[in-house]
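**Student:** from the sequence below, what's the structure:
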Amino acid sequence: MMKNLQSTTTLHNGVEMPWLGLGVFKVEEGQELVHAVKTAIENGYRSIDTAAIYGNEAGVGQGIREANIAREDLFITSKVWNSDLGYEETIAAYKESLMKLGLDYLDLYLIHWPVAGKYKEAWHALETLYKEGRIRAIGVSNFQIHHLEDLMKDAEIKPMVNQVEYHPRLTQQDLLAFCQQHTIQLEAWSPLMQGQLLDNAELQEIADKHGKSVAQVILRWDLQNGVITIPKSTKEHRIIENATVFDFELTAEDMDCINSMNENYRVGPDPDNFDF
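**Tutor:** Numbers count the residues shown, from 1 in each chain. Next comes the predicted model:
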């Protein structure tokens, strides 16, 4: 039940993950980052999402410490980068992320991209870390259906989460249905399409009807589709606004209107054709 910012969904291994969190993609190390993480936690956020390639895990860790909340009340995610997808390399990358964050464990660790020929070794490393109790949940990011099918052919443990680009111009309905069928929780990155949807007339009309912002309508659409969402912001009023999505509900007509906006348009790389 989505009642507030601490509301969670239960992953297939029984771990509870908040429906809404703070993303910190492209937020550089420094006081702005520390303040954003601390501010989010102080305003009720319990989930923070970072990655090794973001280069800001140390600042995230500092923000967590300054917020002075019990570690077990937080849900912290990081990701292993493409250059570290061997078995031993992934184990080492995990340890380095922990060190930078200043944490004893992660709640969720993801393979960042489905690099051909490499993600299965990395997955076996994640399975080892999970079985050793060093990660509470494991998953992937940017995996399409065929990547998930290929991974699960050899995996001992099914991914608990798949974090992908997801917004009204890229609804990925087949992928969402596949993940729901296999009890893999879909999670949205770039839910606001890097701000490109905030002046959309259709969304503004829905927002006006509910007395909400376009951003709040999009985030609510995520949640009502059963998709976890992690909007990024460093501004306190935006952090608070993005979280104020539990006090209204979109109608079936609203949902159909937003779902129909899909154009299969990506602002990020195509998981089947990326080069980094």
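
**Student:** if I follow the layout properly, N13 ends up in contact with M160?
**Tutor:** Yes - contact criterion C-beta atoms under 8 Å: N13 and M160 qualify, at 5.8 Å. (Glycine included, C-beta is placed from N, CA and C.)

**Student:** can you give me the strands in the stretch 151-276 of the chain?
**Tutor:** Secondary structure of the stretch 151-276 of the chain (DSSP state E, counting those that start in this stretch): strands located at 161-165, 185-189, 228-229.

**Student:** please identify the most buried of those.
**Tutor:** strand 228-229 (a mean of 26; mean count of other C-beta atoms under 10 Å).

**Student:** and that one, how far out from the chain's middle?
**Tutor:** On the basis of C-alpha atoms, centre = their mean, to the nearest Å, strand 228-229 sits 6 Å off its chain's mean C-alpha point.

**Student:** tell me the pLDDT at H12?
**Tutor:** H12 carries a pLDDT score of 98 in this model.

**Student:** neighbours of it, how many?
**Tutor:** When neighbours are defined as other C-beta atoms under 10 Å, H12 has 15 of them.

**Student:** ok, now which ones touch it?
**Tutor:** Contact analysis of H12 by C-beta atoms under 8 Å, 6 or more residues apart in numbering lists 158, 160, 183-185.

**Student:** please repeat the previous calculation with a cut-off of 10 Å.
**Tutor:** H12 sits next to 137, 157-161, 182-185 when contact means C-beta atoms under 10 Å, 6 or more residues apart in numbering.

**Student:** tell me the one among the residues you listed nearest to N259.
**Tutor:** Q185 (19.3 Å; C-beta to C-beta).

**Student:** quick check, the closest one in contact with K158.
**Tutor:** No - Q185 lies out of contact with K158 (C-beta atoms under 10 Å); the separation is 11.1 Å.

**Student:** let's have the strands of the stretch 151-276 of the chain in CSV, adding mean pLDDT and distance to E121.
**Tutor:** Below are the strands of the stretch 151-276 of the chain laid out as CSV (pLDDT from 0 to 100; distance: least, C-beta to C-beta, whole Å):
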stretch, mean pLDDT, distance to E121
strand 161-165, 98, 19
strand 185-189, 98, 23
strand 228-229, 98, 27
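
**Student:** any chance of the ones you listed in a markdown table, plus distance to M261?
**Tutor:** Listed next are the strands of the stretch 151-276 of the chain as a markdown table, based on distance: least, C-beta to C-beta, whole Å:
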| stretch | distance to M261 |
| --- | --- |
| strand 161-165 | 15 |
| strand 185-189 | 15 |
| strand 228-229 | 16 |
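
**Student:** how near is I135 to Y94?
**Tutor:** Computed with C-beta to C-beta, to the nearest Å, the distance linking I135 and Y94 is 8 Å.

**Student:** any shared contact partners between the two?
**Tutor:** 78, 105-106, 109, 126, 128-129.

**Student:** okay, among those, which ones form the most distant pair?
**Tutor:** Across those, the longest distance by C-beta to C-beta is 16.7 Å; it joins S78 and T128.

**Student:** check which residues of stretch 65-81 are buried.
**Tutor:** Within stretch 65-81, the residues that qualify as buried are 65, 67, 74-81, counting by 16 or more other C-beta atoms under 10 Å.

**Student:** tell me the contacts of the nearest residue to E29 once chain neighbours are set aside?
**Tutor:** Computed as C-beta to C-beta, 6 or more residues apart in numbering, the closest residue to E29 that is not its neighbour in sequence is G59, at 4.6 Å. Residues counted as contacts of G59 (C-beta under 10 Å, 6+ apart) are 24, 27-37, 50, 100-101.

**Student:** quick revisit: in helices only, show me the buried residues of stretch 65-81.
**Tutor:** Residues of the buried residues of stretch 65-81 located in helices (DSSP state H): 65, 67.

**Student:** let me know the closest of the buried residues of stretch 65-81 to E165.
**Tutor:** Nearest to E165, judged by C-beta to C-beta, of the buried residues of stretch 65-81 is K79 at 14.1 Å.

**Student:** that closest one touches G139, doesn't it?
**Tutor:** Yes - using C-beta under 10 Å, K79 is in contact with G139, at 9.3 Å.

**Student:** pLDDT weak spots in the stretch 51-200 of the chain?
**Tutor:** Filtered on pLDDT under 70, the stretch 51-200 of the chain yields no residues whatsoever.

**Student:** related to what we said a few turns ago, just the buried ones out of the contacts of H12, please.
**Tutor:** The neighbour-count test (16+ other C-beta under 10 Å) marks 137, 157, 159-161, 184-185 as buried among the contacts of H12.
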